[in-house]
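[1] Coordinates only, no sequence provided:
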């Protein structure tokens with residue numbers, strides 16, 4: 001029986017199930033599958049199984065953070 005808390009991650013894993021990736025991202029499984037199907041979150045198939053590389057999760061977050069950073073625009077007031 002697994003007695004480890006749900007938030008404990010095994011650092012030796014190379015591939016995650018979609019559910020594990022969703023749990024790390026704190027999103028639902030359906031949203032995770034949507035990100036995979038859109039290509040936003042990398043995944044591979046192993047046989048008939050869909051797996052998410054461990055490093056794909058932080059890469060996804062990094063891309064999202066860069067995309068959502070507000071662009072700084074400099075406006076100058078012109079005298080009339």
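    Arrived safely. Since the structure is predicted, the reported quantities are computational estimates derived from the model, not experimental observations.
[2] Off-centre distance for the helix or strand hosting residue 31?
    Element membership for residue 31 (DSSP states H and E) is helix 29-38. Chain-centre distance of helix 29-38: 10 Å, with CA atoms, centre = their mean, to the nearest Å.
[3] in that helix, what's buried?
    Going by neighbour count (16 or more other CB atoms under 10 Å), the buried part of helix 29-38 is 32, 33, 35, 36. Where C-beta positions appear, they are placed from N, C-alpha and C, glycine not excepted.
[4] nearest residue to the first one other than its sequence neighbours?
    Of all residues not flanking residue 32 in the chain, residue 22 sits nearest, at 3.8 Å (CB to CB, 6 or more residues apart in numbering).
[5] so how far is residue 45 from the one you found?
    According to CB to CB, to the nearest Å, residue 22 stands 17 Å off from residue 45.
[6] higher neighbour count, those two?
    residue 22 (22 against 8; other CB atoms under 10 Å).
[7] quick one, what contacts that one?
    Residues in contact with residue 22 (CB atoms under 8 Å, 6 or more residues apart in numbering) are 28, 29, 31, 32.
[8] any idea which of those residues is the one closest to residue 50?
    residue 32 (9.9 Å; CB to CB).
[9] Helices of the chain, start to end?
    Shown for the chain, the helices assigned by DSSP state H span residues 18-25, 29-38, 56-68.
[10] In TSV: those helices, plus mean pLDDT and distance to residue 50.
    Shown next, in TSV, are these (pLDDT from 0 to 100; distance: least, CB to CB, whole Å):
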stretch	mean pLDDT	distance to residue 50
helix 18-25	98	6
helix 29-38	98	7
helix 56-68	96	12
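[11] Mind putting the ones you listed into JSON lines with distance to residue 49?
    Shown next, in JSON lines, are the helices of the chain (distance: least, CB to CB, whole Å):
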{"stretch": "helix 18-25", "distance to residue 49": "9"}
{"stretch": "helix 29-38", "distance to residue 49": "13"}
{"stretch": "helix 56-68", "distance to residue 49": "15"}
